[in-house]
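Trainee: Make a model of this:
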Amino acid sequence: MTAHVEIQLAVEAQWEVGGPEYNEFKMEACICKYCAALDELECLVVMHLFELSKLLLSGTGYKLRQQISTALQWHSEAIRNAINQYNMQAVALTPLHLKILWKDIADYSFLGEFDLLRHSHADIRSNDWAKPTHQEATNKFFKLRHAHEEVKRLNVEVCRLCTAIHTEELQTSAII
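Mentor: Numbering: from 1, shown residues only. The predicted structure is shown next:
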């Protein structure tokens, strides 16, 4: 059966373990697995950094902070697993890539500090949204937007308070 298929596909010679074609494909497969592990780790670290930035925003309520901290714990465990997977794939490559430790990633506070990103398919560190100044500007934009909403709400509250004070004065005058 195999010989028949080889004849139909015009296979001249089979690959041998240790042969040039075999070694080339094996290296490509290792690189593909490494890139997949790197992409997974990259994704999880970026999510982790954005969750951290949300946790530090002022105006974040208690329940939201609890949800974010729960998500951070889940991300931490997922990142540990991704680090183990990455380290297994990094060791298999020639030349060897450096292993990563959890403490290296836990110290990151901005994407620009995430040095591992330079090994990925596309270096996302050059994107505008990955730069700390753009992240800070975005945070300030949303704080300003929230402040405008707060001013509108306070304008309504001020009117209600004035009405309540006026009503209380009328009721007090009527009782006396």
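Trainee: which regions of the protein sit below the pLDDT cut-off?
Mentor: 54-60, 106-126, 129-130 (pLDDT under 70).
Trainee: in the chain, which residue is closest to the centre?
Mentor: M47 (1.8 Å; CA atoms, centre = their mean).
Trainee: Helix or strand for it, just tell me which one.
Mentor: helix 20-55 (DSSP states H and E).
Trainee: so what does that helix touch, helix or strand wise?
Mentor: helix 62-92 (3 or more CB pairs under 8 Å, 6 or more residues apart in numbering; DSSP states H and E). The way it works is simple: take the backbone N, C-alpha and C, and place the C-beta from them, glycine included.
Trainee: and the helix it packs on, how far from the chain's centre?
Mentor: Here helix 62-92 is found 10 Å from its chain centre; the criterion is CA atoms, centre = their mean, to the nearest Å.
Trainee: Alpha carbons only: can I get the helix or strand just after it in PDB?
Mentor: Next in sequence after helix 62-92, counting helices and strands by DSSP H and E, comes helix 102-106. This file holds the C-alpha atoms of helix 102-106, laid out as PDB (Å, rounded to 0.1, in the frame of the first residue of the first chain):
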ATOM      1  CA  TRP A 102       8.600  34.100  37.000                       C
ATOM      2  CA  LYS A 103      10.400  36.800  38.900                       C
ATOM      3  CA  ASP A 104      11.600  38.400  35.600                       C
ATOM      4  CA  ILE A 105       8.100  38.800  34.400                       C
ATOM      5  CA  ALA A 106       6.600  39.800  37.700                       C
END
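Trainee: which outside residues touch helix 102-106?
Mentor: Helix 102-106 has contacts (CB atoms under 8 Å, 6 or more residues apart in numbering) with V45, H48, I79, R80, I83, F114.
Trainee: These: which two are farthest apart?
Mentor: The largest separation in those, counting by CB to CB, is between R80 and F114 at 16.2 Å.
Trainee: Which of the two has more residues huddled nearby?
Mentor: Shown here are R80 and F114; by other CB atoms under 10 Å, F114 has more neighbours (21 against 13).
Trainee: quick one: buried residues of the helix holding M47?
Mentor: 33-34, 37-38, 40-42, 44-49, 51, 53-54 (16 or more other CB atoms under 10 Å).
Trainee: quick check, nearest of those to G19?
Mentor: When the buried residues of helix 20-55 are compared against G19 (criterion: CB to CB), the nearest one is K33, at 20.8 Å.
Trainee: longest helix anywhere in the chain?
Mentor: When the chain is parsed with DSSP state H, its longest helix is helix 132-175.
Trainee: Could you give the separation of that helix from the chain centroid?
Mentor: 34 Å.
Trainee: angle of that helix against helix 20-55?
Mentor: 30 degrees (axes from the mean of the first three to the mean of the last three CA atoms, to 10 degrees).
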